[in-house]
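Colleague: the following block contains a protein sequence and its predicted model.
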Amino acid sequence: MTSPASRPVPPAAANPLNLRGAVDLSSLKQRPPAPSAAAPAGPGAPAHGAGGAEHPSRPLRVDVTEGNFQELVELSAQVPVVIALWAAYSPESGQLVDTLAEIVDSYAGRLVLGAADIDAFPQLAQAFQVQAVPTAVAVVKGQPVPLFQGGAEEQQIRGLLDELLKVAAANGVTGRIGAGGPGADEAEAPPLPPLHQKAFDAIEAGDYATAADAYRQALLEMPADADAKAGLAQVELMGRLQQLSAADTEALRRSAADEPDNLQAQLGVADLDVAGGHVEDGLGRVVSFIGRNFGPERETARVRLLELFDVVGTGDERVAKARQNLARVLF
């Protein structure tokens, strides 16, 4: 285990396709609780911080143990669970856990924080392929979503958690934990507009085409519906990648490397890059194609780039940078 980097590592993108991540949590799900002199702090119990102090005022923060990990995985079907992996030898990681706890509290039950001591639960660090502490990941519907490694500023964390909630919503995870903490009765969430509910139901069933149709209908009725616009971009991306096999992916990357002006290959690899968290690479690839080409193909690439902006989040700093680069190549 290496020590944390001296400067923040840019966070990976939170987006719907990260739910296809390679981290396998199945080996941890049935692991028996580790022997302990005290009962593990399961969901809803007072949590202890990196320094061991109790935080009864933070009911949405729990300590992750071998005994309660499966409960948290199951809880992630209701609300995203943010897991902060820390170690006693890293003061920076303890500070980050406290910062995350305050930020998660401000989301009023839409997120839960789990603090995981990698010395006490090394299997979790192995499962998440942790290379340094602190590291933050999330679990949505039992699947991992990488967040960031190393330190991060509060504004950066909030932007990432906002995107995580969009990912969760696109995958039908829209619950809210009550003031009593995880395990308490959920607050009654306002009903979704009918077409948005239809889209979420279709996403749950893996029917991205139907979800896309629902979002398109919502945009016909209300063209300024930003949630429908972002949802449409996300499910269209999910639908495109759903059709790719591992062999297709490898062939696509080879084509993109060999044929820099092959529109479909470049757009396909941009999809893969954005979905895999390599947002700058994916957006930059499309911008570069636009800069080299003209005519209908250039316009097709520009439209796809705008859709990827919606997937990543229009407030993301990487999108702002790509917009600047796009303006340079267009004008």
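Modeller: Yep, that arrived. All figures in this text were calculated on a predicted structure; none of them were measured in a lab.
Colleague: and A84, that's in a strand?
Modeller: Yes - counting by DSSP: H, G, I helix; E, B strand; the rest coil, A84 falls inside a strand.
Colleague: doesn't V112 make contact with it?
Modeller: No - using Cβ atoms under 8 Å as the test, A84 is too far from V112 to be in contact (11.4 Å). Yep, even glycine has a C-beta here, placed from its N, CA and C like the rest.
Colleague: now the strands: where do they sit in this protein?
Modeller: Remark: strands assigned in the chain by DSSP state E are 61-63, 81-86, 112-117, 135-140, 143-149.
Colleague: export the ones you listed to CSV and tack on mean neighbour count?
Modeller: Shown next, in CSV, are the strands of the chain (neighbours: other Cβ atoms under 10 Å):
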stretch, mean neighbour count
strand 61-63, 26
strand 81-86, 26
strand 112-117, 26
strand 135-140, 26
strand 143-149, 22
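Colleague: closest to V286 out of the ones you listed?
Modeller: Closest to V286 of the strands of the chain, according to Cβ to Cβ: strand 143-149, at 22.2 Å.
Colleague: adjacent strands (with direction) for that closest one?
Modeller: Strand 143-149 has its sheet partners listed here by DSSP bridges as strand 135-140 (antiparallel).
Colleague: for the partner strand, which outside residues touch it?
Modeller: 11, 14, 19, 23, 25, 72-73, 76, 80-85, 96, 100, 128, 144-150, 152, 157, 164, 167-168, 171, 173 (Cβ atoms under 8 Å, 6 or more residues apart in numbering).
Colleague: ok, R328 - how many residues close by?
Modeller: By other Cβ atoms under 10 Å, 10 other residues sit near R328.
Colleague: find the nearest non-adjacent residue to it, please.
Modeller: Leaving out its chain neighbours, the residue that sits closest to R328 by Cβ to Cβ, 6 or more residues apart in numbering is G291, at 8.0 Å.
Colleague: got the confidence number for that neighbour?
Modeller: You'll see G291 listed with a pLDDT of 95.
Colleague: wait, doesn't it sit right on V329?
Modeller: Yes - with contact defined as Cβ under 8 Å, G291 counts as touching V329 (3.5 Å).
Colleague: tell me the domain boundaries of the chain?
Modeller: As recorded under automatic domain parsing, the domains making up the chain are 16-170, 194-330.
Colleague: ok, now how distant is M238 from A211?
Modeller: For M238, the distance to A211 equals 8 Å [Cβ to Cβ, to the nearest Å].
Colleague: swap in V235?
Modeller: From V235 over to A211 (counting by Cβ to Cβ), the distance is 4 Å.
Colleague: before we move on, what about Q266?
Modeller: Q266 is 26 Å from A211, by Cβ to Cβ.
Colleague: how many residues are close by Q156?
Modeller: 15.
Colleague: then T249?
Modeller: Considering only other Cβ under 10 Å, T249 is surrounded by 14 other residues.
Colleague: pLDDT weak spots in the protein?
Modeller: Counting by pLDDT under 70, the chain contains low-confidence ranges at 1-59, 178-190.
Colleague: now do the helices in it.
Modeller: In the chain, the helices defined using DSSP state H lie at 26-29, 69-75, 91-106, 122-127, 154-170, 194-204, 208-221, 226-242, 246-258, 263-275, 279-292, 296-312, 317-330.
Colleague: format those helices as TSV; extra columns: distance to V62.
Modeller: TSV is the format used below for the helices of the chain (distance: least, Cβ to Cβ, whole Å):
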stretch	distance to V62
helix 26-29	16
helix 69-75	7
helix 91-106	10
helix 122-127	14
helix 154-170	17
helix 194-204	26
helix 208-221	32
helix 226-242	29
helix 246-258	36
helix 263-275	30
helix 279-292	30
helix 296-312	30
helix 317-330	31
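Colleague: out of those helices, nearest to I177?
Modeller: Nearest to I177, of the helices of the chain and by Cβ to Cβ, is helix 69-75 at 8.2 Å.
Colleague: mind listing the shared neighbours of V235 and A211?
Modeller: Common neighbours of V235 and A211 (Cβ under 8 Å, 6+ apart) are 199, 203.
Colleague: would you mind giving the strands of the chain as JSON lines with distance to A275 added?
Modeller: What follows is the strands of the chain, written out as JSON lines (distance: least, Cβ to Cβ, whole Å):
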{"stretch": "strand 61-63", "distance to A275": "30"}
{"stretch": "strand 81-86", "distance to A275": "20"}
{"stretch": "strand 112-117", "distance to A275": "25"}
{"stretch": "strand 135-140", "distance to A275": "14"}
{"stretch": "strand 143-149", "distance to A275": "11"}
